[in-house]
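*Asks:* what's the 3D shape of this:
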Amino acid sequence: MNGKKSAGRLSKLLAALLMISFADIAVPADAVNAPAASSASSGVYDKQLLSERISNNYSKVSVGYTAKEYNGEDISFGYSGGNSGALTSDTMGYTGAESVLDLHAGDKAAFSADVAEKALYAVRFDYISYDDSVLPVEFSMALDTEGSYPFYECRNIKLRSEWIPKSEKAFDRYNDEVVTVPDKAVKWQSAYFTDSSGRRSAPLLIEMPAGQHTLYFEVKSGSFLLGRVSLAAPESIPGYSGARTADGSELIMIEGEDYICSNESSIHAVAEFDAGVSPYKVTDSELNSIDPASFDTAGQSLTYRFNAAAAGYYYIAMNYSQADKTDFPVFIDVRIDDKIPDTAFSACEMAYSTNYRISTLSDHDGKKLPVYLEPGEHTISCTITLDPICNILESVEEIMAGVNDLALEITKVAGTNSDKYRDLSLSRYIPDLDTKLRAYADELTELEAGARRFTGGSNVAVMSSMLIAANQLRSLADNPDEIPYRIGELSSSTNSVNQYLANTIDSLLKNGLAIDRIWLYQEGAKLPEPPGFFEVIWKAIERFVASFFDQSYSASNIDPEHVQVWVNRSSQYVQVMQKMIDEYFTPGTGIDVDISIMPDQYKLVLANSSGNAPDVATGINYTIPYELAIRGALADMAKYPDFQKTASVYEPGFFLTGTIGESVYSMPETMNFWVLVYRSDVLEKLGLSVPDTMQDVIDMLPELQMRGLNFYYPTAGMRAMRNFHGTTPLIVQSGGALYSGLAQDGTTLGSEASVKGFTTLTDLFTVYDMPVDIDNFYQHFRNGDIPIGICDYGSYNLISNAAPELAGSWNIAIVPGLEQPDGSISRNTCGCAESTVIFRSSEEREAKAWEFIKWWSSTPVQSEFGQTMQITYGDEYLWTTANVEAFERLPLDSSHKKVILEFAKNVIDVARVPGTYMLEREISNAFNSVVVDGKSAQTRIDEAVKVIDREMKRKLEEFGYIDSEGNTLIEYRIPDINSIMPILGR
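*Replies:* Residues are numbered from 1 along each chain as shown. Next up is the predicted model:
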């Protein structure tokens, strides 16, 4: 490193240390006003920084609108250019224009129009999504200047597709009905610009003065044709004119599972063994209700078709269950023929019920809601909405931002050292602290009281965490001078105010709704009665007895002539696997396969010793194959002539954990990828670049920490044990290693390079003040107090699918590495997740098992399996296959996919040796000793090396590599990336 860089780093480090030191110094009495004013001003800035989605969201911006809603004819925009995208005359049947714009991820386009009057306009799009992706079309929309968004929601606009379920039912080999993959309807659609998070159902309006305006689009995902873009009058819903009697005796029944389309592919039916559901079978599974786990998110919609025999008014009833929100309703918009009949059908309440119940849609007075139908074919749609509680969600988020802001002000005055013997009158420096806390508490109490109109005046159970937060705020306000010693209760601990508020938001965002049947009926018709007590009891007994004979996917229900495959996954994965095997593998090879759900992957050693092992085990933790192989339980895959071809679609670093000598005992199945995830809105406000090296991370820490923010390094999230994924990357990137060439030589953790790398890791926490223990990085990232960090697939999945309010405000990048003397950047890391193995048996059975693994590991099968899981069950079922060619084909944001594939190239996982578990444990213990207990890194590593070497020798003796005197009987050569390459044919 050159001198200028070193000087810059030193100055920033000193700045950070000075900031912390000055924060710990008590402020003189004559300077009371200055710190308070400074804290207040910085608090406002930080609040805006962390919460643009709060300070600049549609609710806040629309309050300032002065114009009236537009009520004229549509105003069309004309294409005015862009740096990509192309006009095409192939309109795919579109009649709204002679040419349309073909757009893909990364494209930009601009549209201009002259507006005659100042008004509030809805924006409408004509589009067709023509690719096979399960992902919706997503883009941002700026007004008049690129990057200038009218309000926060313009950062991410979604245009959904229609998904049509298969007309024919599908069954598995056990005669149980299974979920089918829906088909994407490639057709032109028209949609208003609405809130992509689903919190508001109505179109979002933009206030535009008279004159020329330009809309700038930047596509984030999807391939689509964009037709007409227009400004339109907002969609109007007729007012409710009161209840009417639905005279007549017509009764129309619709089965909940028989929907004709949905706006998300993952919405599907489920088999319910409930006496109140129709149809009901005691033995074989039959899909008979909408799965509430798939129909649970605001904005999701289902559509049914029915025929009305006679004209007249009809009531609407449903047999449903809703168990997500305790004593609180889920809200749905009901549309007939794609229109809401009147305002009473907006946000209809589906009351809490753990059991299926029949209920008729009613108004606020309890009177049945009628809808008029002409004879003929009609549709009815149900869309989950959060409209009635949108203000509650936004208010709670605003309070969370305020609490974060207060915690920062307190830390700036009191410092990070909460010494109980230190005399600090906090109320002198933040005079209105107790007032703010009580105001927040009162607002939370008022929000809960306002929500009681949905519960008949009783306490709102789903908001109980919010009331706990309010009481905690009042407790803190009663003794404001003690808050520095209780700062964790405010915003950072697992029992903090902000954690309780985050729990409340999560609870309110759950909207699982199971629909069994829908009826449209008239006054003279009779709805079916729910099953009686004795009928329910009898069917439960029948089902209980039948369960003893249900052997679906059980290891006890097998044909010994078939290849036995045990899968360490849930039934959703197993059903899809078995279906693909029966449709593709067995007809193509003539090899029959029985799939069984694995009872416990950690008992495979016992299963093998008792002679009950399968032919193949898949989905098992990447550490298990070694423990089986070293005991002689597994077959060597490298002996097959087509092994190298099969392994060619996997990065070599994934094979190290299952290799002993020149034998490979496991095939990688999935990877646990690590990415740098960051809040782009926060970094933009701070003017910070995305870090590429760990030094870049260290350089940005002063800017983050002076505003109460921080960086998350994944070791902080490993509470039980800091495993190799969190402890070894910096050791390896520093030129260190855990082993030498021979296991008999023990560990090289004590080498100079390894100790340097370990110290680089611990310095992140002891010198640069990164948080040491983080229970839930996802929640901190969502709150904004840790806007950047390194996370694995689990956290990435949560951020992608459980934080819709962050859409368009975060992104990922390759994990920062260490810069090497030659200027290159080392990013070597761990990344294995699950593997597949073959148990030793006869050559014939092993050969059949290998044929299965070749098929299962192939690119076409892995990509189809991943696509099927994601399309059928949703984006949270992203299949993180280690097959890089298959991963490239998965429905995932193209820029994210590129980052993850780059990560895979850098995977060099830790090779296993006898006693590796002790190495992993001792590195974890050493980390805790240095970071938590303050011990010397070199001293603690020296102690760890002794323990590790002793255990490795004991295990080497156990497996016959050395004798009791320590003499080598068989050399145990540890595989590395260089030795594995010839085995893989590279």
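
*Asks:* can you pull the contacts of Met918?
*Replies:* Residues near Met918 by CB atoms under 8 Å, 6 or more residues apart in numbering: 947-948, 951-952. (Glycine included, C-beta is placed from N, CA and C.)

*Asks:* 6 Å instead, please
*Replies:* By CB atoms under 6 Å, 6 or more residues apart in numbering, the contact set of Met918 is 948, 951.

*Asks:* for it, phi and psi?
*Replies:* phi -70, psi -30 (degrees, to the nearest 10).

*Asks:* now it: how far from Ile948?
*Replies:* Going from Met918 to Ile948 by CB to CB, to the nearest Å gives 5 Å.

*Asks:* Next: Gly789.
*Replies:* 30 Å.

*Asks:* what does Lys412 give?
*Replies:* 44 Å.

*Asks:* More neighbours: which of these two?
*Replies:* Ile948 (24 against 21; other CB atoms under 10 Å).

*Asks:* that's a helix at that one, yeah?
*Replies:* Yes. With DSSP: H, G, I helix; E, B strand; the rest coil as the criterion, Ile948 is part of a helix.

*Asks:* Retrieve the pLDDT associated with it.
*Replies:* pLDDT recorded at Ile948 is 96.

*Asks:* Quickly note the distance from it to Thr968.
*Replies:* 18 Å.

*Asks:* Ser161 now?
*Replies:* Separation of Ser161 from Thr968 (CB to CB): 64 Å.

*Asks:* Those two - which one has more neighbours?
*Replies:* Ser161 (26 against 13).

*Asks:* so how far is the longest helix anywhere in the chain from its chain's centroid?
*Replies:* Looking across the chain with DSSP state H, the single longest helix is helix 390-414. Relative to the centre of its chain, helix 390-414 is centred 24 Å away, using CA atoms, centre = their mean, to the nearest Å.

*Asks:* Please apply the same query to stretch 437-455.
*Replies:* Between the centre of stretch 437-455 and the centre of its chain there are 30 Å (CA atoms, centre = their mean).

*Asks:* cool, stretch 835-848 as well?
*Replies:* With CA atoms, centre = their mean as the basis, stretch 835-848 stands 36 Å off its chain's centre.

*Asks:* So for it, first residue to last residue, what's the gap.
*Replies:* One end of stretch 835-848 to the other measures 18 Å (CA to CA, to the nearest Å).

*Asks:* quick one: contacts of it?
*Replies:* Contacts of stretch 835-848 (CB under 6 Å, 6+ apart): 563, 591, 613, 615-618, 620, 622, 625, 634-635, 666-669, 849, 853.

*Asks:* Give the buried residues for it.
*Replies:* Of the residues in stretch 835-848, 835-840, 845-846, 848 count as buried by neighbour count, 16 or more other CB atoms under 10 Å.

*Asks:* check contacts around Arg940.
*Replies:* 926, 929-930.

*Asks:* May I have the secondary structure class of it?
*Replies:* Once three-state DSSP is applied, Arg940 turns out helix.

*Asks:* separation between it and Val755?
*Replies:* With CB to CB as the criterion, Arg940 and Val755 are 10 Å apart.

*Asks:* Just the C-alphas of stretch 932-947, formatted as PDB.
*Replies:* C-alpha atoms of stretch 932-947 as PDB (Å, rounded to 0.1, in the frame of the first residue of the first chain):
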ATOM      1  CA  VAL A 932     -15.700 -10.500  23.800                       C
ATOM      2  CA  ASP A 933     -13.200 -11.200  26.500                       C
ATOM      3  CA  GLY A 934     -10.400  -8.900  25.200                       C
ATOM      4  CA  LYS A 935      -7.600 -11.600  25.100                       C
ATOM      5  CA  SER A 936      -4.600 -11.400  22.800                       C
ATOM      6  CA  ALA A 937      -5.100 -13.000  19.400                       C
ATOM      7  CA  GLN A 938      -1.700 -14.600  19.200                       C
ATOM      8  CA  THR A 939      -2.000 -16.100  22.700                       C
ATOM      9  CA  ARG A 940      -5.500 -17.400  22.100                       C
ATOM     10  CA  ILE A 941      -4.500 -18.900  18.700                       C
ATOM     11  CA  ASP A 942      -1.500 -20.700  20.300                       C
ATOM     12  CA  GLU A 943      -3.800 -22.300  22.900                       C
ATOM     13  CA  ALA A 944      -6.300 -23.300  20.100                       C
ATOM     14  CA  VAL A 945      -3.500 -24.900  18.000                       C
ATOM     15  CA  LYS A 946      -2.600 -27.300  20.900                       C
ATOM     16  CA  VAL A 947      -6.200 -28.400  21.300                       C
END
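
*Asks:* Tell me which residues of that stretch come out buried.
*Replies:* 937, 940-941, 943-945, 947.

*Asks:* how about low-confidence regions in the stretch 301-450 of the chain?
*Replies:* By pLDDT under 70, the low-scoring segments of the stretch 301-450 of the chain are 415-423.

*Asks:* could you pull out the helices for the stretch 751-900 of the chain?
*Replies:* Under the criterion DSSP state H, counting those that start in this stretch, the stretch 751-900 of the chain contains helices at 752-766, 777-783, 793-802, 843-857, 859-873, 884-888, 894-905.

*Asks:* could you say which helix or strand contains Asp696?
*Replies:* helix 694-705 (DSSP states H and E).

*Asks:* Give me the buried entries from the contacts of stretch 835-848.
*Replies:* If we count by 16+ other CB under 10 Å, these have these buried: 563, 591, 613, 615-618, 620, 622, 625, 634-635, 666-669, 849, 853.

*Asks:* Filter these down to the ones in helices?
*Replies:* 625, 849, 853.

*Asks:* OK, contacts around the second one?
*Replies:* Put plainly, it is Ala849. 563, 615-616, 838.

*Asks:* which two from those end up farthest apart in space?
*Replies:* Val563 and Ile838 (10.0 Å; CB to CB).

*Asks:* Narrow the contacts of Arg940 to those in helices?
*Replies:* Among the contacts of Arg940, DSSP H puts 926, 929-930 in helices.

*Asks:* most surrounded residue in those residues?
*Replies:* Ala926 (25 neighbours).

*Asks:* how close does Val334 get to Trp519?
*Replies:* Taking CB to CB, one finds Val334 at 13 Å from Trp519.

*Asks:* Repeat that for Glu885.
*Replies:* For Glu885, the distance to Trp519 equals 50 Å [CB to CB].

*Asks:* With neighbour numbers in mind, choose between these two.
*Replies:* Trp519 (20 against 16).
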